[in-house]
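Engineer: missing the sequence, but the structure's below:
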Ligand SMILES: [Zn+2]
């Protein structure tokens, strides 16, 4: 683990707890059993423990948050193969998830989900699909032309493939800017998912959703994050991810 990540983890571990259960969005990257497709993956075991903790604490897991309190939305970035191969665990636990897809990887780029697999997942009522752009470039440093391409192309491809309206966008590496928000909003992305932690109802910018990274959280850290223990990292993430 990098030093920065270790320090952030300690901060969350000992952060003062809030008393209310505010709704929030969580980020994972993949789920694994024996085969791990990315270092960012969470084991089936750990993921199951997280889900049990969420429910034991009295939160409801939903596909889209509609209330300021007591709801959790679960998202998976990048559409790694493990999300497809281990989908049985999502079904067994009966948890709605949103998967953010990098559309240029759909054409059998290992180790990512392909067109066919995505179509299969899309048929499940538990799955929502969003764009993670066409080629996963950092949006806040792209030219206007490339930015438009990344956002338009992936939206179009997913809409053609899945016959659903795509209105969710997830920023690659969490990077965004005022210009990114504006252009994405103009293109119809009503929900844009960042990596800035915090409560669902406390918006930093219109259409921008906060999310908490939990993929490697142990039980205590996970409980603390659910109770807002990572809110304290907001400024650090803004500094790392946002260009004005
Ligand atoms: Zn990503």
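Structural biologist: Okay, I see it. These numbers were taken from a predicted model, which means no experiment stands behind them. Numbers count the residues shown, from 1 in each chain.

Engineer: which residues of the chain fall in strands?
Structural biologist: Secondary structure of the chain (DSSP state E): strands at 24-28, 30-32, 41-43, 60-61, 71-77, 97-101, 127-131, 168-170, 176-177, 191-193, 208-209, 212-213, 242-243.

Engineer: want to throw the ones you listed into CSV with distance to residue 158, mean neighbour count and mean pLDDT?
Structural biologist: Every C-beta, even on glycine, is put in place using the N, C-alpha and C of the backbone. Shown next, in CSV, are the strands of the chain (distance: least, CB to CB, whole Å; neighbours: other CB atoms under 10 Å; pLDDT from 0 to 100):
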stretch, distance to residue 158, mean neighbour count, mean pLDDT
strand 24-28, 19, 23, 98
strand 30-32, 19, 25, 98
strand 41-43, 23, 21, 98
strand 60-61, 23, 15, 98
strand 71-77, 15, 23, 98
strand 97-101, 6, 24, 98
strand 127-131, 6, 22, 98
strand 168-170, 10, 27, 98
strand 176-177, 20, 22, 98
strand 191-193, 14, 22, 98
strand 208-209, 18, 21, 98
strand 212-213, 24, 22, 96
strand 242-243, 26, 17, 92
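
Engineer: Is it possible to get TSV of those strands that adds distance to the ion?
Structural biologist: Shown next, in TSV, are these (distance: least, CB to the ion, whole Å):
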stretch	distance to the ion
strand 24-28	9
strand 30-32	11
strand 41-43	13
strand 60-61	22
strand 71-77	4
strand 97-101	7
strand 127-131	11
strand 168-170	7
strand 176-177	13
strand 191-193	10
strand 208-209	15
strand 212-213	11
strand 242-243	17
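
Engineer: Tell me which of the ones you listed sits nearest to residue 154.
Structural biologist: For residue 154, the closest of the strands of the chain is strand 127-131, at 4.2 Å, according to CB to CB.

Engineer: Could you list every helix and strand in contact with that closest one?
Structural biologist: Applying 3 or more CB pairs under 8 Å, 6 or more residues apart in numbering; DSSP states H and E, we find strand 127-131 packed against strand 97-101, helix 115-122, helix 144-162, strand 168-170.

Engineer: Apply 7 Å and report the result again.
Structural biologist: strand 97-101, helix 144-162, strand 168-170 (3 or more CB pairs under 7 Å, 6 or more residues apart in numbering; DSSP states H and E).

Engineer: What number of residues are in the vicinity of residue 56?
Structural biologist: Residues within reach of residue 56, counting by other CB atoms under 10 Å, total 9.

Engineer: Residue 26 contacts residue 212, doesn't it?
Structural biologist: Yes: with contact defined as CB atoms under 7 Å, residue 26 counts as touching residue 212 (5.5 Å).

Engineer: wait, what's in contact with residue 148?
Structural biologist: residue 183 (CB atoms under 7 Å, 6 or more residues apart in numbering).

Engineer: residues from this protein in reach of the ion?
Structural biologist: 77, 78 (CB under 5 Å from the ion).

Engineer: Any stretches of the chain with poor pLDDT?
Structural biologist: Across the chain, the ranges flagged by pLDDT under 70 are 1-3, 16-18.

Engineer: Residue most distant from the centroid, it?
Structural biologist: residue 145 (25.6 Å; CA atoms, centre = their mean).

Engineer: what's the distance between that residue and residue 114?
Structural biologist: Distance of residue 145 to residue 114, given as CB to CB, to the nearest Å: 28 Å.

Engineer: And for the closest residue in space to residue 93 that isn't next to it in sequence, the neighbour number?
Structural biologist: Closest residue to residue 93 apart from its sequence neighbours, by CB to CB, 6 or more residues apart in numbering: residue 51 at 5.0 Å. If you count neighbours by other CB under 10 Å, residue 51 ends up with 19.
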